[in-house]
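**Student:** got a sequence here, can you model it:
(chains A and B)
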Amino acid sequence: MTFIQVEFLWLMMTVFVVYWALPRRWMQNVLLVAVSALFYGWVHPWFLILLYGSSVLDYFMGLGMVRWPDRKRIFLLISMTGNLGMLGYFKYVDFFIENFLVVFDAIGLQTSVHTLGVFLPVGISFYTFQTMSYTIDVYRGELQPRRNFLDYVGFVSFFPQLVAGPVERAGNLLRQMEVDRVFSWAAVRSGVALAMWGAFKKVVCADTIAPYVDKVFILKEPSGPLIWAATLGFAIQILADFSGYTDIARGVARMLGFELIENFKHPYLSANPSEFWKRWHVSFSTWIRDYLYIPTGGSRGGFWATTRSTFIAMVLSGLWHGAAWTFILWGAYHAALLTGYRLVTRRIPDAIRNARPAGLPLGEAAAVVIMFGFTLLGWMIFRETRLDRLTLYLSQSPFSASPDEWVATWVMLGVCAFTAAPMVAVLCWERFVQPRLHTSPWYLPIQTTGWAVAALGIFVFYRNVGNDFIYFQF
Amino acid sequence: MTSSTSSSERVARALALLLPLLLIGAAVAMLWAPVEEERTPAALAMEARLAERPPQVLILGNSIAEHAVDLPALGKAMGGKPLLSLTVFASPPPTWYAVYKNRVLANGYRPELVLVIGTLDFFTQTQVRTEMQRKALAEHVGVDEPVIARKSLGQQVGSVPERVRLRRAALREAFIEAGRLFFLRSDGTSVTRARERAGEASQRVFEEDDRSDFALQRRVIPVVEVERRARAEGELAIADSFVPDLVELATSSQARIVFVRAPLPPSSAATAPGSAEAARDLVAWLNDNGAGYIDLSGLGLPESSFRDATHLNARGREAFTKALATELVRIGADKEGQLAPAALPVVADEVVRLGSPPALPALDPATATVDGPCVMLFELKGWGRLSTDRLQDLQVFNGEPIQVLQDGEPLTRLKGRKAMAEGCSGSFVHLGRSLWISPRRSALPAQGKFMDGLSVQARLDPAAEIVTPSGRRWRWLYAGTGLELRLADGFAVQGGSLAVQAELTELMQGAASRLVAVDDQGTELGAAPFAPVEGGAPSLREARLSLPPVAGPLRLRVESPVDGGTSLLSALGLGDSPDTLVWLVGGDSSNATLRLIGGSAYGPEYEGEPPVIAPKAVPVAGPAPKVGKIWVPGLEPLSNLLVQKAIGEYDCSPVMVLEDGQPLPGRNAKCGPLSKGQGEAGDYCHVAKEVLLLASDGSDPVRNGRSYRVQLDPKPFCKGMWWLYPGQTALREVKPKGLLTLQRGAEWLKVQARVLPNTGEAGRSMKVQLYAGEELLVDQDVAIDSFGEEPVALRLPSPVGAGGPGLRLRLSTPADAPYLVLKQVVIESAAPPEGDSP
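**Tutor:** Residues are numbered from 1 along each chain as shown, chains lettered A, B, ... in the order given. Sure thing, here's the model as predicted:
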């Protein structure tokens, strides 16, 4: 089941009513666990074995660390092995086999191994990281292991964020599982608004631009302007899709009295690579920072040590997104950006960096534009899985095309503008209008009208694209 | 203060409730409003086309039909009757029914022949499965549609959910279009013009053949996306489909209706379970109800005739149209009267191989050479004619009979050496005499060379049929074996005899094979040897039998003696007479075409330079700032408009403008906007005696100091046609390998060309010369005035075809002759209609 299916709407309405009608927290947690099982097992019930297997493993490993503290390293290793082993098997085994075979053949060794064709369970990348963070935090002494299995399973399998994040820490979500939730109409309103905004981004923005982007990326020889316009479209698509999903997750969680981490903080307004990773998929990037980057040295060592940690963290981040060399290349690209940024900024005097001629943050604006350009290049690497085609794109001038291709480029840019406009409008609203208006009585009618527009937009734009792609006319 | 604050708060709270309700209320009112009896823009556009050209022949279908038919060619084949295609993109049969009923019949049009073109599963589809199909249907339904409501929607047309769904789709499309056209309208261009411009450009960038690779399609968002596939409909009884309703509409308006089954590419034409039975049911129903059926799914078009998984490209369209025209004439659709009933598909119940294939030479790894990591190269002498490359010349794909086994298990066949992955891949490639083998890893020794102890064997596939993934069947006849096709129900004939005909393509020579008819007890009913075909390819063999009618089961056997060769059973049919055969294997190969010129892949070389127009053109001020004008008297007949009138295609003017020796990019731009200074840098157009242009950098061409030159395109190709300028010679050479498709030989050279009026002297001739090797077969002057709608057919003194020498074609005109556009030049076996030969 996904968030934008009608079935989910009916499920959520039922769950909401029943949930707040239950008198006790433990009853609510039972309901949450049951609904999560229904949600996750809707298409493939056997996926639940993996989910609960991972949960049970880390539950007992956490308890073991406290019971036998001198062996906690062993328990941690078992937890990591189990979770990474599961993730490695389902997500990466065929990728590794294919590449090991290439290496073996190159050095003349024969093996009898072949690829397995393993089916990837949804959300496995998210919940394995979530349970690993629990055991690592227990190991570090930052968290006490939980004895209440119901609360713990509720944390691991919390359905709003189970399949697409945010990757929650036990310190945030588990603690909320263990305290009574207080009903608040303000929280419900805010949650509904947030979920609706997420659905709007997904349905109106992401799903509208997706077929245009796809249509360009299957051209055998797209021109430079057209492929860059399609990359811009993809940048809009991936942000709208991904942030839309997490906003729905946060909105639904808020309606149930939970507060999840904000996962996307206007990442395209970043002025440098470091800032980008503080704004993009925040839950995942902080996970990588806390459990991979810092333990491998972080920025404590010299330049080369820091660079090494950066590359390890970012390459593995890329690999987390998918089992393909271009995802690794994308991670390495961002590592190179971060390293390059570190090299360059050391040499820029503060006087220049903070200059604001005529009171205008021109330097900052230029930095945002430049960083967005770098981000676009990264998305091109991310979107195109074939290196030969990537080379083709980059070898072409972004300003040279036939008249027809220029027309198609302007059409693509028009759709980009149309799908980006709502997100830009909301950004402007949050930055410039809301701070001035939120205490005004007129804020409420503007807000409710906005909700009505969003709801109508979702209703009008919602459709099953299905098999129409081959017939889609640009 | 307090009361004003509280009153503004009260107002704000009221508005907070009212405004959204008003907004939602307005939306509900718009989406829920009852349907008025109004026609959609699509319906009006279709009716305008009907009014412009009332058809006698009507085509219904979806994009499959749209891409399949060359309308002018088919119209000509139908005796010049007005022909109109009312196909609807992404539509199923309910929409075709709605179009026929509400657009055609309701407006009083009565076409005498209706062609419904699609694939077999589409004929029986009743459900609208996607948003696009739903939208297409909504554009043509009326208010009261009981048939569509019952069979397709499950609810009344115009019901609230239906019209809400459709209206919101229209609203969505309107919003998206505003975005699409936003930048195109930034210079004040009208919506209509911007929409046209976007549509035309998108068509050329995305929809033309070979622009896209659908294998690259994928989604790359790391969040959950559940694929929701439409539930398969399963096989419907014909009575529950729209077939009877379409036939009823035709019958009630005294029209004849023919269902035409279109082909699919080999890679996606997987035979649906039970589809042979479905085809039989459909044909039987249509025969019983006086409707026609033409099955062109077995046309045998290769992958290169399709632009994607379902639609034909220009090359395929031409072949399909030609085949359709032939079949329509055969069933009498070009004349009045009853249509000939379609032959019920006859399928052999069983195909059995008799005897075992002969052994191939042993493969000894000690004699192989290493050709890359874990790849060995053998020489397989004497069997090169069965290799992949040789068989591809005969259009045999994925049907190669030679297998390679490792420890008794077959290895994977690949098409070329480069397709072999690095390392031990368990595959082989057979090209000519070379056999590359890359063994499987698992069977290799842990140490030592990969060839140590290896056991590989080549053999002929013992299966009676090699069935490709697309359902194509290849049947090989080896020396000392036989192939037997069994018909459990026999074959009923109308007349007093049963004709059987079979064809073999002999790839490795040997003693003659035999065609034998046997009854269920094994008693031989008749036999005939295979013999060479007069005028046919040296490898072609044919056998014919004429038997008394056979009651009961029948077996048809093709036998090869022990000293026979290796052959491919390419055709086997039986029927009342040799002219009415039902084909169990292959089909009628008597009509074959070899294209010499026509289409992008069949272009001539040219001798002689194009006429020079204006080597040093000096632009003067045009009708708008920065628009230059070059005066080109005498070029008017080559302007876009006049060329379009002559050949029926837009944007085919061969006039080019060069700026400082470089071609300007914007050829054949629209003259209207250009004359107002609107257009992209480098645009130019040819109107009457002038060429209007914009400089490539936006500067004023009158003052920018650049040199301009107007000339004709030295590679004059447009929309599948090739120009022939006066004084030039078009040359085309076909190597002997290229003649393999003319298995039975062909003796007609057909030249189809269009003349550009007022571009040369009257009474001139085109010299047509055709060489077969060194022999001059044709040397004829054809009056240019004789070129028109029909091709000019020249009979060859002797047939040319497979096994013969290569061909050389020369077409030339004198320097004062008119300009010609060569539509196509072919060699065919089919005689032209009377009057086409000069």
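**Student:** what residues does the residue in the stretch 51-200 of chain B positioned nearest to chain A make contact with?
**Tutor:** Of the stretch 51-200 of chain B, the residue with the smallest distance to chain A, taken as Cβ to the nearest Cβ, is B:G179 at 2.6 Å. C-betas here are computed from N, CA, C, even on glycine. Shown here is B:G179, whose contacts under the criterion Cβ atoms under 8 Å, 6 or more residues apart in numbering or on different chains are A:414-415, A:417-419.
**Student:** next to chain A, which bits of the stretch 651-800 of chain B? Give me the list.
**Tutor:** The interface of the stretch 651-800 of chain B toward chain A, taken as Cβ under 8 Å from any Cβ of the partner chain, is made up of B:665-666, B:669, B:680, B:682-683.
**Student:** tabulate the residues you listed (TSV), appending neighbour count.
**Tutor:** As requested, these are exported to TSV (neighbours: other Cβ atoms under 10 Å in any protein chain shown):
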residue	neighbour count
B:P665	18
B:G666	22
B:A669	24
B:E680	19
B:G682	22
B:D683	25
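**Student:** which of those fall within helices?
**Tutor:** For these, membership in helices holds for none, with DSSP state H as the criterion.
**Student:** ok and the residue in the stretch 651-800 of chain B nearest chain A?
**Tutor:** In the stretch 651-800 of chain B, no residue comes nearer to chain A than B:E680, which is 4.8 Å away by Cβ to the nearest Cβ.
**Student:** OK, contacts around that residue?
**Tutor:** Taking Cβ under 8 Å, 6+ apart as the definition, contacts of B:E680 comprise A:403, A:406, B:665-666, B:669, B:694.
**Student:** please repeat the previous calculation with a cut-off of 6 Å.
**Tutor:** Counting by Cβ atoms under 6 Å, 6 or more residues apart in numbering or on different chains, B:E680 makes contact with A:403, B:666.
**Student:** can you pull the pLDDT of it?
**Tutor:** With respect to pLDDT, B:E680 scores 82.
**Student:** tell me the phi and psi of it?
**Tutor:** Recorded main-chain torsions at B:E680 are phi -90, psi 160, according to degrees, to the nearest 10.
**Student:** measure it to B:G698 for me?
**Tutor:** B:E680 sits 9 Å away from B:G698 when distances are taken as Cβ to Cβ, to the nearest Å.
**Student:** and which of the contacts of B:G179 is nearest B:A527?
**Tutor:** The shortest gap between B:A527 and any of these belongs to A:V415, at 69.8 Å (Cβ to Cβ).
**Student:** for the helix or strand hosting the closest one, packing partners?
**Tutor:** With the criterion set as DSSP states H and E, the secondary-structure element containing A:V415 is helix A:403-428. Taking 3 or more Cβ pairs under 6 Å, 6 or more residues apart in numbering or on different chains; DSSP states H and E as the contact definition, the neighbouring helices and strands of helix A:403-428 are helix A:207-217, helix A:224-255, helix B:160-180, helix B:191-202.
**Student:** and the strands in the stretch 251-400 of chain A?
**Tutor:** Under the criterion DSSP state E, counting those that start in this stretch, the stretch 251-400 of chain A carries no strands.
**Student:** for the nearest residue to A:E384 once chain neighbours are set aside, grab the count of nearby residues.
**Tutor:** The shortest distance from A:E384 to any residue other than its chain neighbours is 5.0 Å, reached at A:L390 (Cβ to Cβ, 6 or more residues apart in numbering or on different chains). By the other Cβ atoms under 10 Å in any protein chain shown criterion, the neighbourhood of A:L390 contains 16 residues.
**Student:** keeping just the C-alphas, turn stretch B:616-632 into CSV.
**Tutor:** What follows is the C-alpha trace of stretch B:616-632 in CSV, where atoms were taken according to Å, rounded to 0.1, in the frame of the first residue of the first chain:
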residue,chain,number,x,y,z
LYS,B,616,26.6,34.9,-54.4
ALA,B,617,23.2,35.9,-53.1
VAL,B,618,23.0,39.4,-51.6
PRO,B,619,20.2,39.8,-49.2
VAL,B,620,18.1,43.0,-49.2
ALA,B,621,15.9,44.3,-46.5
GLY,B,622,12.9,42.0,-45.9
PRO,B,623,9.4,42.7,-44.7
ALA,B,624,10.6,43.1,-41.0
PRO,B,625,13.7,44.2,-39.2
LYS,B,626,16.6,41.8,-39.4
VAL,B,627,14.8,39.7,-42.0
GLY,B,628,16.7,39.4,-45.2
LYS,B,629,15.3,38.7,-48.6
ILE,B,630,17.0,37.0,-51.5
TRP,B,631,15.5,37.2,-54.9
VAL,B,632,15.5,33.8,-56.6
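**Student:** just the buried positions in that stretch, please.
**Tutor:** When burial is assessed from 16 or more other Cβ atoms under 10 Å in any protein chain shown, stretch B:616-632 yields the following buried residues: B:617, B:619, B:622, B:626-630, B:632.
**Student:** and which of the residues of the stretch 651-800 of chain B next to chain A is nearest to A:A193?
**Tutor:** When those are compared against A:A193 (criterion: Cβ to Cβ), the nearest one is B:E680, at 45.1 Å.
**Student:** ok, that closest one to B:S696 distance?
**Tutor:** The span separating B:E680 from B:S696 equals 10 Å under the rule Cβ to Cβ.
**Student:** tell me the SS of the residue of the stretch 251-400 of chain B found nearest chain A?
**Tutor:** Across the stretch 251-400 of chain B, the shortest distance to chain A (Cβ to the nearest Cβ) belongs to B:P373, at 5.8 Å. B:P373 falls in the coil class when you classify it by DSSP: H, G, I helix; E, B strand; the rest coil.
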